[in-house]
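1. what follows is a predicted protein model with its sequence.
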Amino acid sequence: EVQLVQSGGGLVQPGGSLRLSCAASGFTFSNYWMHWVRQVPGKGLVWVSHIKSDGSYSNYADSVKGRFTISRDNAKNTLYLQMNSLRTEDTAVYYCAGDLIAAAGTHYDYWGQGTQITVSS
Amino acid sequence: DIVMTQSPLSLPVTPGEPASISCRSSQSLLHRDGYNYLDWYLQKPGQSPQFLIYLGSNRASGVPDRFSGSGSGTEFTLKISRVEAEDVGVYYCMQGLQAPFTFGQGTRLEIK
């Protein structure tokens, strides 16, 4: 069974840092692109970042570029999101998502349970 | 960025009746490979989103056949042939053609 189990959320002050983790199991993690998507409570879904299966390529939404870093440890089957210089507008539930389906384009066929990040003084 | 626009934003439906949600993209999602890079997701209350439809019309594994997707280019539709109580939640379309991958605003389906 495919599972994505997230950890690392919480409350942080503006300008602070936090690292999210997403532990994968039930599939060959090193074969697939992975993503982070966020959602302000009561609002819609927003793509944050993605990373290639081998970690050689990543991309970011303009709103987080230069502040967030996506990475992965394929030996540990874990995806990360390092968030620096956090702003109040980064407050959201963050989801990791896996693109496991063998189909053209980008898809999120598996999702983590979500982690709440609150940036507030 | 590709802008995704859904309608309606709220959809009250009587159980057993059909439902339809529209999604429009600001540019064509038809790739030269012939596929439309448009997905549908459902977020049930208090849950993570779940994968419903990919490449415009393909049901994801385990999705009941009362769900169907259609459309091409910039106009897409998600149809539920007979709504059940468990279908309540917010439906999102998403373009998987190019980063930033963008979602529609969401359509909240509720039971009358």
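-> Noted; the coordinates are in hand.
2. residues touching residue A:52, list them.
-> If you count contacts by C-beta atoms under 8 Å, 6 or more residues apart in numbering or on different chains, residue A:52 has them with A:33, A:58. Every residue, glycine included, has its C-beta placed from N, CA and C.
3. report the separation between it and chain B.
-> Counting by C-beta to the nearest C-beta, to the nearest Å, the separation of residue A:52 from chain B is 12 Å.
4. gap between that residue and residue A:74?
-> Per C-beta to C-beta, to the nearest Å, residue A:52 is found 11 Å from residue A:74.
5. residues of stretch A:60-79 that come out buried?
-> A:60-61, A:64, A:68-70, A:72, A:77-79 (16 or more other C-beta atoms under 10 Å in any protein chain shown).
6. end to end on that stretch, go ahead and measure it.
-> Its first and final residues considered, stretch A:60-79 spans 15 Å by C-alpha to C-alpha, to the nearest Å.
7. what sits up against that stretch?
-> Residues contacting stretch A:60-79 (C-beta under 8 Å, 6+ apart): A:21-25, A:29-30, A:34, A:36, A:46-51, A:54-55, A:58, A:80-86, A:89-90, A:96, B:100.
8. just the buried subset of those residues, written out for PyMOL, thanks.
-> To isolate the buried ones among these in PyMOL, judged by 16+ other C-beta under 10 Å, type:
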select buried, (chain A and resi 21+22+23+24+29+34+36+46+47+48+49+50+51+58+80+81+83+86+90+96) or (chain B and resi 100)
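9. show me what contacts residue B:66?
-> With contact taken as C-beta under 8 Å, 6+ apart, residue B:66 is in contact with B:80-82, B:84.
10. neighbour-wise, which of the residues you listed leads?
-> Ranked by neighbour count (other C-beta atoms under 10 Å in any protein chain shown), the contacts of residue B:66 have residue B:80 at the top, with 21 neighbours.
11. now for it: which residues touch it?
-> B:13, B:18-20, B:66-67, B:87, B:109.
12. show me these that map onto strands.
-> Using DSSP state E, B:13, B:19-20, B:67, B:109 are the members of the contacts of residue B:80 that sit in strands.
13. state the pair within those that is farthest apart.
-> B:13 and B:67 (13.5 Å; C-beta to C-beta).
14. which residue is nearest the centroid of chain B?
-> Among the residues of chain B, the one closest to the centroid is residue B:40, at 3.4 Å (C-alpha atoms, centre = their mean).
15. wait, what's in contact with residue 93?
-> Unless you meant another one, I'm taking chain A. A:38-41, A:114-117 are the contacts of residue A:93 under C-beta under 8 Å, 6+ apart.
16. wrong one, chain B
-> Residue B:93 neighbours (C-beta under 8 Å, 6+ apart): B:4, B:6, B:21, B:23, B:38-41, B:76, B:78, B:103-104.
17. list, one by one, the residues from chain A near chain B.
-> Neighbours of chain B within chain A, by C-beta under 8 Å from any C-beta of the partner chain: A:35, A:44-47, A:50, A:59, A:61-62, A:95, A:101, A:103-114.
18. just the buried residues of the residues you listed.
-> Buried, going by 16+ other C-beta under 10 Å: A:35, A:44-47, A:50, A:59, A:61, A:95, A:101, A:103, A:105-112, A:114, out of the residues of chain A next to chain B.
19. now, which of those residues lie within strands?
-> The strands, defined by DSSP E, take in A:35, A:45-47, A:50, A:59, A:95, A:110-111 from those.
20. quick check: the farthest pair among the buried residues of stretch A:60-79?
-> A:61 and A:77, at 24.9 Å, using C-beta to C-beta across the buried residues of stretch A:60-79.
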